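A.B. asks: Sequence first, then the predicted structure, then my questions.
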Amino acid sequence: MPRDNDYWFPAKRYGWGWGLPVCWQGWALVAGFVILIAAGAATILRHSPNGFVAYALLLTVLFTGLCWWKGEPPRWRWGGD
């Protein structure tokens, strides 16, 4: 099956999900996610640990949604394809 060059995240070879990004947009998304989590930890965590958990959960859901949208369709893989 030919690879679509529009994917930011390729499917993992084993298991379910996505691997490391293959283009700058994917790397920018990962870097932005890490920066936002770190900034939230530095600011929100001091005042409200539960607020930080909610913030991190929201960012994780958004990040996963973007991976789903811009990544290869996820399915369980055993390494043969």
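C.D. replies: Right, received. Where do you want to start?

A.B. asks: now for the lowest-mean-pLDDT helix or strand in the chain, which elements pack on it?
C.D. replies: Ranked by mean pLDDT, DSSP states H and E, the weakest helix or strand in the chain is strand 77-78, scoring a mean of 83. Strand 77-78 makes packing contacts with strand 14-15 when contacts are defined by 3 or more C-beta pairs under 8 Å, 6 or more residues apart in numbering; DSSP states H and E. For every residue, glycine as well, the C-beta is placed using N, CA and C.

A.B. asks: hmm, who's touching the helix or strand just after the strand it packs on?
C.D. replies: For strand 14-15, the succeeding helix or strand toward the C-terminus, using DSSP states H and E, is helix 24-47. With C-beta atoms under 8 Å, 6 or more residues apart in numbering as the contact definition, helix 24-47 has outside contacts at W8, F9, L20, P21, G51, F52, Y55, A56, L59, F63, L66, K70.

A.B. asks: If you count neighbours, what's buried in stretch 15-29?
C.D. replies: Residues of stretch 15-29 classed as buried: G17, W18, P21, V22, G26, L29 (neighbour count, 16 or more other C-beta atoms under 10 Å).

A.B. asks: Same question for stretch 65-73.
C.D. replies: For stretch 65-73, by 16+ other C-beta under 10 Å, it's L66, C67, K70, G71, E72.

A.B. asks: tell me the contacts of G71?
C.D. replies: G71 neighbours (C-beta under 8 Å, 6+ apart): Y7, W8, F9, P10, A11, W18.
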